[in-house]
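Asks: mind looking at a prediction? Sequence and model below.
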Amino acid sequence: KKAAMRLCWMAEIEANPPICNWMISDLIPRQGTVAIVARSNAGKSLMSIHAGSCVATGRAFFGRNPAVTGPVIYVASESPTSIKSRLRAYCQHHALDPLKLPMAVVDGVNLSNDSTVVELCQVIEAGIQGAALPAPVLIIFDTLRRTTPDADENSSTEMDKALQRLQAVAEHFDAAVLLT
């Protein structure tokens, strides 16, 4: 059943503020979807690597400590070799032991249909079980366009389906989603 529309004046919102559980305070909610949007080559992937690393290790993300930490899955649909190289360089630069970083990269993902959602969930489950880790708390999809290549980005219907598939993966693991 669809919820009825409701208008809330700021006085009512202020009297009963909504509660949001944050993964990283005021930036990434514990559940839900957040997007980093910028022009090409602006550093979205590096920002995602940094956010993921901070969630995975508990280190501060630009002065904000993650309230939730745990494994992070990086779905590298655009330039997976580059992402893997950047992650290695990031670990070296920040003196992180890559063997102890609970962060994994998945490549070859195309979420153009519902069966690939199931397949991605199975790949992630097998990986976390093999590493004896809990479920991921953050799943990064880089980029939305490359993860859903068959969706027309100018079609709200197709993009809604694509986002539903991403959200299905997140809900399966009770994780947040970060899009680039």
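Replies: On my side now, so go ahead.

Asks: give me the contact list for stretch 85-100.
Replies: Residues from elsewhere that reach stretch 85-100 (CB atoms under 8 Å, 6 or more residues apart in numbering): 45, 46, 49, 50, 53, 57, 59, 74, 101, 103, 105. The way it works is simple: take the backbone N, C-alpha and C, and place the C-beta from them, glycine included.

Asks: in helices, which of those appear?
Replies: Within the contacts of stretch 85-100, residues falling in helices by DSSP state H are 45, 46, 49, 50, 53, 57.

Asks: quick one: pLDDT of the second one?
Replies: In other words, residue 46. Residue 46 is assigned a predicted lDDT (pLDDT) of 93.

Asks: for it, which non-adjacent residue is closest in space?
Replies: Nearest residue to residue 46, sequence neighbours excluded (CB to CB, 6 or more residues apart in numbering): residue 86, at 6.7 Å.

Asks: quick one: that neighbour is in a strand?
Replies: No: in this structure, residue 86 is helix, not part of a strand, as judged by DSSP: H, G, I helix; E, B strand; the rest coil.

Asks: what residue ranges in the chain score low on pLDDT?
Replies: Applying pLDDT under 70 to the chain flags the ranges 1.

Asks: redo that, cut-off 80
Replies: 1-3, 108, 111-113, 143-156, 158, 162 (pLDDT under 80).

Asks: helix or strand: which one has the residue sitting furthest away from the middle of the chain?
Replies: For the chain, the residue at maximal distance from the C-alpha centroid (CA atoms, centre = their mean) is residue 11, at 33.6 Å. Using DSSP states H and E, residue 11 sits within helix 10-15.

Asks: which element follows that helix toward the C-terminus?
Replies: Downstream of helix 10-15, the next assigned helix or strand under DSSP H and E is strand 22-24.
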